[in-house]
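Trainee: What shape does this take:
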Amino acid sequence: MATEEAKEGGGLVFHPLDQFIIKPLFGDGAIGMFTITNATLWMAIAVACIIALFVMGSSSRSIVPGRVQSIAELLYGFIYKMVEDVCGKEGAKYFPYIMTLFVFILFSNYLALLPMSFSPTSHIAVTAILGFGVFIAVTVIGFVLNGASFLGMFWMKDAPAILRPVIAIIEVISYFVRPVSHSIRLAGNIMAGHAVIKVFAGFAALLLISPLSILGIVAIYGLEVLVCGIQAYVFTILTCVYLKDALHPHH
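Mentor: Residues are numbered from 1 along each chain as shown. Coordinates of the predicted model:
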């Protein structure tokens, strides 16, 4: 998230969206399907940190846990309780998938706050894979477990008969909009926060307003620390809600 500053024609020029450009990690050629990029690097770092926390940090399984094991157990218990509370006992079997989503988004978000880092979750290409992955998985689970009766979630039996077809159309549209809103919400919030931080960093080059810019950066950075955790939580709990609809389509 380094700030690029240049003075052209006596004015300060900075580009807050340049930090989201995907670049090849080696060389300056075109980006192909198998090109290793800065996004690839930081997603790999996120995975490595997750492995370090949950595998290496908890390998001793001490009765009196250390700091790393305590953090791992806290995250595990928090997500497991969320899955159980929202989806019921039947949802516990899908806990590994939901836990994986949560920790990947959480670590990707927080690692992006490091100087000179890159934010994979600010890109719709990444969040769309996560969002549509949830959509496809939930839809498949719904039909496998409930068969054609899964479609009953779109038919409101308690509504007046004349309104049921209209409500059904609205429900179908809202169902297919889920993965779009699911992915755009995450990418939009992360991108907006990083862009605002870079705008304040750009103004820090001006001597007169530099103290105000620094205060602004500190305030926005503190807000982003909160937003990174909240967005991981929101994505995860919405996944649980969608899974609940697949497990209990008539509720």
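
Trainee: since we're on Gly216, how many residues are nearby?
Mentor: 18 (other Cβ atoms under 10 Å). C-beta here means a position set from N, CA and C on the backbone, and glycine is covered the same way.

Trainee: now Leu106
Mentor: With other Cβ under 10 Å as criterion, Leu106 counts 23.

Trainee: Find the nearest non-adjacent residue to it, please.
Mentor: Ala232 (4.1 Å; Cβ to Cβ, 6 or more residues apart in numbering).

Trainee: give me the low-pLDDT residue ranges for this protein?
Mentor: 1-14, 204-209, 250-251 (pLDDT under 70).

Trainee: the strands in it, which residues?
Mentor: Assigned by DSSP state E, the chain shows strands spanning 6-8, 11-13.

Trainee: Who are the contact partners of Cys49?
Mentor: Phe107, Leu111 (Cβ atoms under 8 Å, 6 or more residues apart in numbering).

Trainee: Next one: it from Leu111, what distance?
Mentor: 7 Å (Cβ to Cβ, to the nearest Å).

Trainee: swap in Ile170?
Mentor: 39 Å.

Trainee: Among these two, which residue is more densely surrounded?
Mentor: Neighbour totals were compared for Ile170 and Leu111, and Leu111 leads with 19 against 13 (other Cβ under 10 Å).

Trainee: doesn't Ser117 make contact with the more buried one?
Mentor: Yes. If you go by Cβ atoms under 8 Å, Leu111 and Ser117 touch, sitting 5.9 Å apart.

Trainee: anything in contact with each of the two?
Mentor: Trp42.

Trainee: Ile98 versus the residue nearest to Leu106, what's the distance?
Mentor: Counting by Cβ to Cβ, the gap from Ala232 to Ile98 is 11 Å.

Trainee: Also Phe118?
Mentor: Applying Cβ to Cβ to Phe118 and Ile98 gives a distance of 25 Å.

Trainee: Kindly report the same for Met33.
Mentor: 29 Å.

Trainee: which one of these two has more residues nearby?
Mentor: Ile98 (24 against 4).

Trainee: For that one, give me its contacts.
Mentor: Ile79, Met82, Val83, Thr236, Thr239, Cys240, Leu243.

Trainee: Distance to Gly193 and neighbour count for the residues you listed - can I get that in CSV?
Mentor: Shown next, in CSV, are those (distance: Cβ to Cβ, whole Å; neighbours: other Cβ atoms under 10 Å):
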residue, distance to Gly193, neighbour count
Ile79, 23, 22
Met82, 24, 20
Val83, 27, 27
Thr236, 19, 23
Thr239, 22, 27
Cys240, 24, 19
Leu243, 28, 24
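
Trainee: now, among the residues you listed, which is nearest to Gly133?
Mentor: Thr239 (9.7 Å; Cβ to Cβ).

Trainee: didn't that closest one look like it was pressed against Phe135?
Mentor: No. Using Cβ under 8 Å, Thr239 is not in contact with Phe135, being 9.7 Å away.
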